[in-house]
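# Sequence first, predicted model second:
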Amino acid sequence: MALAQARRSGTPLPQELYGGIEIGAKGIKCLVLRVINGDEGYNVSILNAEVINTTLVQTRDGKFTQQAIRDTGLVVQRFYQRLQQDFKVPTDQINVIASSGLIGDNPQDISDEIKRRIGVDIDFLDIETEVQLTIAGTIPRRYRVGRTWYDNRSGSVMVDVGSGNTKGGYQQLRQVAIGRPDYDYVTWGMPIGSVTFTNEVNKLAGGDADLQTFIKRSQELSTTLLRPSIRSEVSRKPGLLNRKKVYISGGIVWSMLTLLHPEDRRSYIPVTLNDINTFYNRITTNPDALLNPDLSGIRNATVREEAEREVESVRNTFTTKNLISGAEVLKAVANELGFPGKTLIFARFGYLSWILNYVRLQAEQ
């Protein structure tokens, strides 16, 4: 996945440029922002965004492997140099952050590797902070019906099915005695995502298990592990179940929409329960056909080329077992959070939302 947006006219001043490098479970993102302090507040624009896939989520005996740590350090170093040399971002305005989806027992080894390469300490985010940043970047604050604007976040919930974990939350209106009402964040998360669930199924089925055995074991683990974990969160945070609009993001949702609706390039795409069920059924019965969609019906050549690149990116990012696992997680989330009857929306650029907001907040301090 990649996003690049043209910068505003005029050469940015050094003090306007900020960079962010996010170390995630399945990839490393690099973001360049231009932040201008104007009369009406800060104006933020994305100058460039890139993603390089890594294998950091594939742990051994609960620890990040030395090879994965070295590969991660190399990519971070490359991005760090690119931010300075190609985009002229001042070094004190570059933030290096690790996602909550990193679940290995040796995070200090990653920190040491990066410190050795670029001389910078990294920040490790917890799920709660990451969810708050993602909500602010994924769910639009307002929506309009006719000429009337309505508060969007008070009736919406965010769900992100990542590679290393699944998380989400919502904003809850808090009335105050004086002044404008404010919001509290309600967050939830579990250390199970598309790739980490693959690892759990492999422990049960064996790493060399055929697909049918793998599917059977994933269904068993969904019953004994996935659904009880989600159900426990819902019982304590009823807003997860009661809200009628759900913004969903994460690698498995992106893969699903890319393979089922490759022609749809919108930033926000309606999703149906039928999409989730169809994706699950096809990845568990005929994955080869699903992973090779017929794109000849897309008449616009530019759109077709974009779709071809994204389909190829799905194949390069996830194994078939990762996609089966992710589909199982997504199906469990849909059932336990009561997706039937709700409005579901895929936020295409949700994968950039939390790092964008993290860097923006650092710039505004």
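Sure, I can see it.
# how close does V329 get to T213?
Distance, V329 to T213, using Cβ to Cβ, to the nearest Å: 19 Å. In this view, the C-beta of every residue, glycine as well, is placed from N, C-alpha and C.
# the more surrounded of those two?
V329 (26 against 14; other Cβ atoms under 10 Å).
# OK, contacts around the more buried one?
V161, T166, I192, G193, S194, F197, S222, L226, I252 (Cβ atoms under 8 Å, 6 or more residues apart in numbering).
# same deal with A327?
I252, M256, I276, F279, Y280, I283, T284.
# How about it: what's its closest non-neighbour residue?
Y280 (4.4 Å; Cβ to Cβ, 6 or more residues apart in numbering).
# tell me the helices in the stretch 51-200 of the chain, going along the chain?
66-85, 107-118, 127-138, 194-205 (DSSP state H, counting those that start in this stretch).
# The stretch 251-365 of the chain now?
251-260, 273-285, 287-290, 301-317, 320-336, 353-364.
# related to what we said a few turns ago, closest one of the contacts of V329 to A25?
G193 (6.8 Å; Cβ to Cβ).
# what about that closest one, how many neighbours?
Residues near G193, counting by other Cβ under 10 Å: 30.
# how close does Y170 sit to N242?
10 Å.
# Those two: which has the busier surroundings?
For Y170 versus N242, the count of surrounding residues by other Cβ under 10 Å is larger for Y170: 28 against 12.
# Just the pLDDT for the nearest residue to that one once chain neighbours are set aside.
Closest residue in space to Y170, ignoring its immediate chain neighbours: V157 at 4.4 Å, by Cβ to Cβ, 6+ apart. We have a pLDDT of 96 for V157.
# Quick check: V157 touching L240?
Yes: using Cβ atoms under 8 Å, V157 makes contact with L240 at a distance of 6.0 Å.
# Need the residues touching each of the two.
Residues within reach of V157 and of L240 at once, by Cβ under 8 Å, 6+ apart, are G168, G169, Y170, L337.
# and the last one, what is it in contact with?
Yep, that's L337 we're talking about. Per Cβ under 8 Å, 6+ apart, neighbours of L337: V157, V159, I230, V234, L240, L241, V246.
# so how far is S194 from the closest residue in space to L257 that isn't next to it in sequence?
Closest residue to L257 apart from its sequence neighbours, by Cβ to Cβ, 6+ apart: F346 at 5.4 Å. Here F346 is placed at a distance of 15 Å from S194 (Cβ to Cβ).
# ditto for K244
In terms of Cβ to Cβ, K244 sits 26 Å off from S194.
# swap in V120?
Counting by Cβ to Cβ, the gap from V120 to S194 is 29 Å.
# who has more neighbours, these two?
Under the criterion of other Cβ under 10 Å, the comparison of V120 against S194 puts S194 first, with 33 against 16.
# With adjacent residues omitted, what lies nearest to the more buried one?
G326 (3.3 Å).
# With T319 instead?
Per Cβ to Cβ, 6+ apart, closest to T319 is T198, 7.5 Å.
# which residues does that neighbour contact?
T319, K321, N322, I324, S325.
# how about 6 Å then?
Going by Cβ atoms under 6 Å, 6 or more residues apart in numbering, T198 touches K321, N322, S325.
# who wins for neighbours among the residues you listed?
Busiest of the contacts of T198 [other Cβ under 10 Å] is S325, holding 32 neighbours.
# Please identify the buried residues of stretch 80-88?
Y80, R82, L83, F87 (16 or more other Cβ atoms under 10 Å).
# Pick out the most distant pair among these.
Farthest pair in the buried residues of stretch 80-88, by Cβ to Cβ: Y80 and F87, 11.1 Å.
# which residue ranges form the strands in the stretch 1-150 of the chain?
For the stretch 1-150 of the chain, strands defined by DSSP state E, counting those that start in this stretch occupy the ranges 17-23, 27-38, 41-53, 94-98, 123-124, 142-145, 148-151.
# The second one pairs with which strands, and in what direction?
Just to be clear, that refers to strand 27-38. Strand 27-38 has these partner strands in its sheet, going by DSSP bridges: strand 17-23 (antiparallel), strand 41-53 (antiparallel).
# My read is that T187 contacts K167, right?
No: checked against Cβ atoms under 6 Å, the pair T187 and K167 is beyond contact range at 7.1 Å.
# So those two - more neighbours on which side?
With neighbours defined as other Cβ under 10 Å, T187 and K167 compare such that K167 has more, 25 against 20.
# Lowest mean pLDDT among the helices and strands, pick that one out for this protein.
When the helices and strands of the chain are scored by mean pLDDT, DSSP states H and E, helix 353-364 comes last with a mean of 78.
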